[in-house]
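Participant: build me a model:
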Amino acid sequence: MKNKALGFSLFGSFMIAAFMVLVNYLTSPGFPWFIFPVFAVIWWPMSIFFYNRRSASGFAVCGSLLIIAFFIILNLVTSPGFLWFIFPVFAVIWWPMSILLGRRPKVFAVVAAVLTIGFFLIVNIMTSFSHPWFIYPAFAVLWWPMAVLIGKGRARLFSVAAFLLINAFFITVNLITSPGYLWFTHITFAALWWPLSVFLARRKTIRIYSLLAALLTIGYLALVNYLSPSDTPWFLYAVYPLLMWPSVMFMGRHAARLPFSIAGSIAGIIFYLVLNIFVSPGHPWILYLLLPLVWWPVTIAFRKVAANIMYLFISLTVFMAYYGILNIFVSPGHAWSLYLLYPYAWAAIGIYFGRRKMALGMAIAATVITGVFCSVLNLLLTPGTIWAVFPIFAILWWPISVYFFRTRRKDA
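Facilitator: Predicted coordinates for the structure are as follows:
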């Protein structure tokens, strides 16, 4: 019965194909349109043949070959100047490939990645040979086989492989698009944190991690400084805070004690004083850093009362007075010290009302200081334009909302 069905399908498909060829020749010999019905009718015997043998893989292979042959012929007949058949061929190849390699994910991922990259390379060559844009989808596709081959539980190897892949991609793009400026160094610096963190960001190696990370950042900033047109070694300003990170990590509990804070404060003052004298002697900017560096050991010395609100107000008063004096005598051109008053006031009301859980009082106080601050700035900077009403109007909704949607609801 099976052989009769196959034989009938072969005979029937042959008769249909011959009929279509004859009609094509008699009616319109200039265009071989018979390939369309012939392509459709061939599926009849092919389906019966592979169904009888229960061979899904064979049917997929032969079916894909039939489709590929059909599109190649159609391409050569209709528009031989452009080989567009590669687009449907790329799609149809996934059918047999998925059936043959579906149970072998590693092989499937590699073959699929090679196939996809090859497809984009061919399209790139055919359409725009002057610019190798295929590297962009290739970079994205390569993550698939890399993730499958490395697998789970191998985070270190994957981080190294990913770092190398990222760098290879961006170096290539950099050299192709803009070789005059090596901007890939910024990507390399960011990507290097991945394997560095995977290998060393643990409790046992966190100190080494902090040291290497600080040195890496300093080296990166030095390189950027060297490549930039600036003649000022500005990367030196970041050296002290970056080195304080591994210093604190290596000191451990001792970093919270007074001797370390005094040593760190003195080191910071000396470091920035030297920079001020030899790198930028035109303005005594070290004075702006002096009080914060001195206040570090002072706070450690009074740490038992540092959380007290009175200590906060004393600190705010000292800072405001200090920077007010600097504003008057060192840089009197603009009253910039007023800008410090606003965040300091927020810190004060935040601690005072936050501890007492007074949401309405916090909202009212914040609205008042915001209104005063904006009004003063408006008066000093642009007295001709009354713009302070806009932020004041916006922040007024805060205490109003708290009052009607929280306080009144509790009373009710």
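Participant: got the contact list for Leu258?
Facilitator: By Cβ atoms under 8 Å, 6 or more residues apart in numbering, Leu258 lies in contact with 297, 300-301. Just so you know, the C-beta spots here come from the backbone N, C-alpha and C atoms, and that holds for glycine as well.
Participant: show me the chain divided up by domain.
Facilitator: What automatic domain parsing lists as the domains of the chain is 206-256, 331-412.
Participant: report the central residue of this protein.
Facilitator: Ala190 (9.8 Å; Cα atoms, centre = their mean).
Participant: list the contacts of the strand or helix carrying that residue.
Facilitator: Here Ala190, judged by DSSP states H and E, is contained in helix 184-200. Contact partners of helix 184-200, identified using Cβ under 8 Å, 6+ apart, comprise 155-156, 159-160, 162-163, 166-167, 170-171, 173-174, 205-206, 208-209, 212-213, 216-217, 220, 223-224, 227.
Participant: Ala17: which of the contacts of Leu258 is nearest?
Facilitator: For those, the closest approach to Ala17 (Cβ to Cβ) belongs to Ile300, at 93.9 Å.
Participant: now the closest one: closest residue in space that isn't a chain neighbour?
Facilitator: Distance criterion Cβ to Cβ, 6 or more residues apart in numbering; nearest residue to Ile300, sequence neighbours excluded, is Ser261 at 4.3 Å.
Participant: quick one: that neighbour and Trp295 touch, right?
Facilitator: No. Between Ser261 and Trp295 there is no contact under Cβ atoms under 8 Å: 9.9 Å.
Participant: more neighbours: which of the two?
Facilitator: Ser261 (20 against 16; other Cβ atoms under 10 Å).
Participant: where does that one land in three-state SS?
Facilitator: Under DSSP: H, G, I helix; E, B strand; the rest coil, Ser261 falls in the helix class.
Participant: how about it, what does it touch?
Facilitator: Shown in contact with Ser261 (Cβ under 8 Å, 6+ apart): 296-297, 299-300.
Participant: next up, the contacts around Tyr51.
Facilitator: Here Tyr51 is in contact with Phe59 (Cβ under 8 Å, 6+ apart).
Participant: rerun that using 7 Å as the cut-off
Facilitator: If a contact means Cβ atoms under 7 Å, 6 or more residues apart in numbering, then Tyr51 has no contacts.
Participant: my guess is Val38 meets Met15, correct?
Facilitator: No. Counting by Cβ atoms under 7 Å, Met15 is not a contact partner of Val38; they are 11.7 Å apart.
Participant: looking at the two, which is more packed in?
Facilitator: Ranked by neighbour count (other Cβ under 10 Å), Val38 and Met15 place Val38 first, with 19 against 11.
Participant: what's the burial count for the residue lying closest to that one once chain neighbours are set aside?
Facilitator: Excluding the flanking residues, the one nearest Val38 by Cβ to Cβ, 6+ apart is Ala17, at 4.7 Å. By the criterion of other Cβ under 10 Å, Ala17 has 18 neighbours.
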